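Chemist: I'll drop the sequence and a predicted model, then ask my questions.
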Amino acid sequence: MTELAKHEPTTIYIKPSKGFTTLNLRDLWIYRELIFFMVWRDIKVRYKQTLLGAAWAIIQPVLTMLALYFLFDRVAKLPTDNVPYPIFSYTALLPWGLFVAALNQGSRSLTSNHNMITKVYFPKLILPLSSVLAGLVDFAVASVILVVLFFYYQVTPAWNLLWVLPLFLLLAIITALGVALWLSAINVKYRDVNYVLPFLTQFWFFATPVAYSAKAISEKWQLVYSLNPMAGVVNGFRWALLGIGNGPDTGLWVSVGISVLILISGLFYFRNMEKTFADTI
Amino acid sequence: MAIAISVNSLSKRYRIGAAQTKFRYGMLRDVFVDSLTAPIRYARSLAGRSGNGRSAATQNHIWALKDVSFDLEEGRVLGIVGRNGAGKSTLLKILSRVTEPTEGTVTVRGRVGSLLEVGTGFHPELTGRENIYMNGAILGMKRAEIDKKFDEMVEFSEVAQFIDTPVKRYSSGMYLRLAFAVAAHLEPEILVVDEVLAVGDAEFQRKCLGKMNDVAQQGRTVLFVSHNMSAILRLTQEALVLKRGQLIKRAPTPEAVDFYLSSGQAESGERLWDTDEIPAASAPFTPISLRLKDRSGKVVDTIRSTEPVTVEWEYRLDAPVTGLRVGMYLNTMRGEYVFTAFDTDDAKQYEQFGARQAGHYISCCQIPADFFNEGRYSLGVNASSFGVRRYFMDENALSFNIDITGAPGTQWPEVRQGPIRPRLAWKIEKIE
């Protein structure tokens, strides 16, 4: 009884939602601890019952880097702005890996937690959001190799620009979250998303200057090219870490604009589909 | 007394298209056929809609709840009874905000905790301790709140010894106890309890009911859904009877239970199919009734495990059917299969009855004594021609209880894991 006397219970009104739904970020704030727990669960569980454990966070980008190295440096001899190719590609593989993992986990986050959705009330935004955030740990682990590469090739990072790196990281997260919001909500009804994802990431990889330099794209196509927000992210990473490329230019702002647009539209689409999740999943 | 829950002409409509596909799955072949024919069905439904829009639209929907209204005062314990599909779970889902109503409103004063959701978000790889925190957060508890109640939860769950073991190593009983412990300590102003009490061993069920009683004693509001009439009678003062989405009776519990049992819709060891419950697609197969009978031929819903039980399915064929097999699935209430069997499983039997003339039939069999373990089981039925067509299927046609008095091993007051409890002819030899 004492427990009850302490506070006047809040009143909840349940009614069919009509028309356009608001974002209801207040609920997200109330459930902030759940975001933390979901991220924590994702991280704890990710490499359970694997032989190599968290080493996979390093092995994956390193093997990709080696493959790209032999193909594009040894065989195709692509120009890399006078930076050793392993460093050149690894600076791009870091944000790219984060993006792909976030995109894949985020897009499947609703369907893989369907039992939560059909049984408990909570802001569903937490699911894609926490899967995207959980990818940051892999990102941090994989970054260690970049430091090793800097020492091995005796390349000096662009110290003066390093502080902008978190901003580009944020751009990568915003892009991944925006796309994940769209795809996860669509995935609830149409599982086709699962089949689209591999192609999407593959095409997106070729459209992003991970393996090659953005300079390989001719001048008149540059602006079209920056419609891909990940191009902005990857160029930004190279600029902030190695001091190569142009730094913030019109192309970057186009990328930023597109990615914010995807995020905001994604949020509203997600919120409007949310009420049907429990019935259709 | 203030009103804790106020429900106003609440309705919920589901598309049955989705529900049908869900039940039709089961055989991989069906899944393929289903996906191949999906565009055709879609085109047909479009054509139907453009032809006579109104009727096609109403046919594709079902009202799981229709115009339900009631008020519940704070501190009351309300029972909800009704057979499967009456809308009980839908009502609870709307109250706990899992799904939205199609029409109507609900005003809820206070936090709604629900025992629908035991173990939600449990991850097999996480330890008991980690899962308590995870599950608590999902149920809307604050970290500090979980810290405070942690010891109490562990004690309640009786798994203290294994609290740092991944829950995938837990027995199903341990898993359930832990899950229930978290949900039971949520201390919501309003507690919603579904059939969960049907799972777990008798001792644990007593504990759960006790916990629910405590909650009620503390002046909290409880909504209790169960098929167990004795539990409803014991724990609730008032009850609602739901039938096909409509509230048909609200009365003091003894009166409501009496009404429910005598109106012939209770689960009483017998299931009768009304014509409007049988999909048109099942023709020429028409199910009539399904019964469980004890040794003396009486229809029963509680069976002693030491006695055999007869399962009897009566049906009509309106046209000859070839390759027919009529049979059952037996499940525990937690959805684990115990077995699947068909009346033409025997090759000779299949030769004789595989092709059946039109007519009125009964397929019956006996499940031997000393087969079931304690608990509640669900009997599903299926009539199909393998690789050709499934005529009729009802995954949860009937449920029944098993009483284990006199079963092997009952001299020890412990839980025996597993759905079966055979009497084995043990031999003990001294070899030296």
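Modeler: Ah, there it is. Residues are numbered from 1 along each chain as shown, chains lettered A, B, ... in the order given.
Chemist: low pLDDT regions in the chain?
Modeler: With no chain named, the answer covers chain A. Applying pLDDT under 70 to chain A picks out residues A:1-9, A:19-21.
Chemist: you answered for a different chain; I wanted chain B.
Modeler: Those would be B:1, B:16-59, B:116-117, B:195-206, B:228, B:230, B:262-268, B:333-335, if you go by pLDDT under 70 across chain B.
Chemist: where along it do the helices fall?
Modeler: Assigned by DSSP state H, the helices in chain B fall at B:16-24, B:28-51, B:53-59, B:88-95, B:128-138, B:143-157, B:172-184, B:202-217, B:229-235, B:253-262, B:347-353.
Chemist: give me the neighbour count for whichever residue of the stretch 51-200 of chain A sits closest to chain B.
Modeler: Closest approach between the stretch 51-200 of chain A and chain B, counting by CB to the nearest CB: A:Tyr121, at 3.7 Å. Yep, even glycine has a C-beta here, placed from its N, CA and C like the rest. For A:Tyr121, the neighbour count with other CB atoms under 10 Å in any protein chain shown is 24.
Chemist: for it, what are phi and psi?
Modeler: phi -90, psi 130 (degrees, to the nearest 10).
Chemist: OK, contacts around it?
Modeler: B:Ser96, B:Arg97, B:Val98 (CB atoms under 8 Å, 6 or more residues apart in numbering or on different chains).
Chemist: same thing with A:Phe150?
Modeler: Neighbouring residues of A:Phe150 by CB under 8 Å, 6+ apart: A:Ile87, A:Thr156, A:Pro157.
Chemist: does the second one belong to a helix, a strand or coil?
Modeler: Classification of A:Thr156 using DSSP: H, G, I helix; E, B strand; the rest coil returns coil.
Chemist: which residue, other than its chain neighbours, is closest to it?
Modeler: With CB to CB, 6 or more residues apart in numbering or on different chains as the criterion, A:Thr156 has its nearest non-adjacent residue at 7.7 Å, and that residue is A:Phe150.
Chemist: how about the first one?
Modeler: With CB to CB, 6+ apart as the criterion, A:Ile87 has its nearest non-adjacent residue at 5.0 Å, and that residue is A:Leu149.
Chemist: and if you look at the last one?
Modeler: Once its chain neighbours are removed from consideration, A:Pro157 has its nearest residue in A:Leu241; the separation is 5.5 Å (CB to CB, 6+ apart).
Chemist: still on that earlier bit, which of the helices or strands spans the residue nearest to A:Thr156?
Modeler: Assigned by DSSP states H and E, A:Phe150 falls within helix A:126-152.
Chemist: buried residues, that helix. List them.
Modeler: A:126-139, A:142, A:145-146, A:149-150 (16 or more other CB atoms under 10 Å in any protein chain shown).
Chemist: just checking, what packs against the helix or strand that that helix is followed by?
Modeler: Sequence order places helix A:165-189 as the next helix or strand after helix A:126-152, per DSSP H and E. Judged by 3 or more CB pairs under 8 Å, 6 or more residues apart in numbering or on different chains; DSSP states H and E, the packing partners of helix A:165-189 are helix A:85-112, helix A:126-152, helix A:192-206, helix A:229-242, helix A:250-280.
Chemist: can you redo these as TSV with distance to B:Leu272?
Modeler: Formatted as TSV, these follow (distance: least, CB to CB, whole Å):
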stretch	distance to B:Leu272
helix A:85-112	38
helix A:126-152	43
helix A:192-206	42
helix A:229-242	62
helix A:250-280	29
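Chemist: tell me which of these sits most buried.
Modeler: helix A:229-242 (a mean of 25; mean count of other CB atoms under 10 Å in any protein chain shown).
Chemist: got the angle between that helix and helix A:85-112?
Modeler: 140 degrees (axes from the mean of the first three to the mean of the last three CA atoms, to 10 degrees).
Chemist: so how far is helix A:229-242 from its chain's centroid?
Modeler: 14 Å (CA atoms, centre = their mean, to the nearest Å).
Chemist: by contact count, what packs against it?
Modeler: Contact here means 3+ CB pairs under 8 Å, 6+ apart; on that basis helix A:229-242 packs against helix A:85-112, helix A:165-189, helix A:250-280.
Chemist: out of the helices and strands packed on helix A:165-189, which gets nearest to A:Leu162?
Modeler: helix A:229-242 (6.1 Å; CB to CB).
Chemist: what angle sits between that closest one and helix A:126-152?
Modeler: Going by the same axes, to 10 degrees, helix A:229-242 makes 40 degrees with helix A:126-152.
Chemist: return helix A:229-242 as CSV; C-alpha atoms alone will do.
Modeler: Taking C-alpha atoms only, helix A:229-242 is exported to CSV below (Å, rounded to 0.1, in the frame of the first residue of the first chain):
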residue,chain,number,x,y,z
PRO,A,229,26.0,10.1,-48.1
MET,A,230,28.6,7.3,-47.5
ALA,A,231,30.8,9.0,-50.1
GLY,A,232,30.9,12.0,-47.9
VAL,A,233,31.6,9.9,-44.9
VAL,A,234,34.5,8.0,-46.5
ASN,A,235,36.0,11.1,-48.0
GLY,A,236,35.7,12.8,-44.7
PHE,A,237,37.4,10.0,-42.9
ARG,A,238,40.4,10.1,-45.3
TRP,A,239,40.5,13.9,-45.0
ALA,A,240,40.4,13.9,-41.2
LEU,A,241,42.9,11.0,-40.8
LEU,A,242,45.3,11.4,-43.7
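Chemist: circling back to that earlier point, how close does the residue nearest to A:Thr156 sit to A:Ala211?
Modeler: Distance, A:Phe150 to A:Ala211, using CB to CB, to the nearest Å: 20 Å.
Chemist: got it, and B:Arg15?
Modeler: Using CB to CB, one obtains 47 Å as the distance from B:Arg15 to A:Ala211.
Chemist: ok, those two, which is more surrounded?
Modeler: A:Ala211 (23 against 12).
Chemist: that one is in contact with A:Phe70, isn't it?
Modeler: No. Taking contacts as CB atoms under 8 Å, A:Ala211 lies outside contact range of A:Phe70: 11.4 Å.
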